[in-house]
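# Pasting a predicted model and its sequence here:
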Amino acid sequence: MSTHQASFISSASSKESWPELDKPEVVVVGRSNVGKSSFINALCNRKKLAFVGNTPGKTQLLNFFDIDGEWTLVDVPGYGYAKLSKNQLQKLGTMMDEYFADRENLQVVVSLIDARHAPTRDDLDMIEYFKETNRTVLIGATKIDKVPKTKRLAHLKMLSKALQIPLKNIYPISSVEKTGLDEIDLAIRKTIGVEVEQ
């Protein structure tokens, strides 16, 4: 399995506090309960890089992580979380809209979707938005370990059709079994032009 030297850079709540970086950025998006922090920790082979909480919706800032001194991984708040106030949701929406629209370093979007279920309206809207911005979108189908092995391909094909994303860009992932991580890691690095050891 790939290993990375990963370290926290900073958190930001607005454009003014974005770190000034010149490396390609990869942002991880997904619903609050999709396993975003677990995915980031598993991808980087670190237990506590990103905060894993029992309560979805803990991440309310943009969190920037340096990966191998070669690229930056960005963790953003999950969407579809109902227990935040209208004001909090508005602030989060503005913060993320600003980042997605104006961050020149942003090259790849890793969108995490629960492999067990059809994409939600929020998932579909998010994917459509990124397609319009001409950014590369890779789908991480999380919690694939909870889908019977005989049904996994069918679930991935369902996601491909619903999202209008090629099946080759959909990666079945289990942070528990540590499967699918090498494949999506390789796809990320190839897309951003980071040298991959053969």
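Yep, it's here.

# Residue 39 and residue 193: what is the separation?
Using C-beta to C-beta, to the nearest Å, residue 39 is found at 22 Å from residue 193. (Glycine included, C-beta is placed from N, CA and C.)

# neighbour count winner among those two?
Legend: neighbour count by other C-beta atoms under 10 Å for residue 39 and residue 193, higher for residue 39 (25 against 11).

# Go ahead and confirm residue 99 touches residue 63.
No - using C-beta atoms under 8 Å as the test, residue 99 is too far from residue 63 to be in contact (11.5 Å).

# Who has more neighbours out of these two?
More crowded of residue 99 and residue 63, by other C-beta under 10 Å: residue 63, with 22 against 19.

# Return the backbone torsion pair for the more buried one.
Backbone geometry at residue 63, expressed as degrees, to the nearest 10, gives phi -110, psi 120.

# Show the contacting residues for the nearest residue to residue 141 once chain neighbours are set aside.
Among residues not flanking residue 141 along the chain, residue 115 sits closest, at 3.8 Å (C-beta to C-beta, 6 or more residues apart in numbering). Counting by C-beta atoms under 8 Å, 6 or more residues apart in numbering, residue 115 makes contact with 141, 142, 143, 144, 146, 147, 152, 155, 156, 159, 172, 173.

# Inside helices: which ones of the residues you listed?
Residues of the contacts of residue 115 located in helices (DSSP state H): 152, 155, 156, 159.
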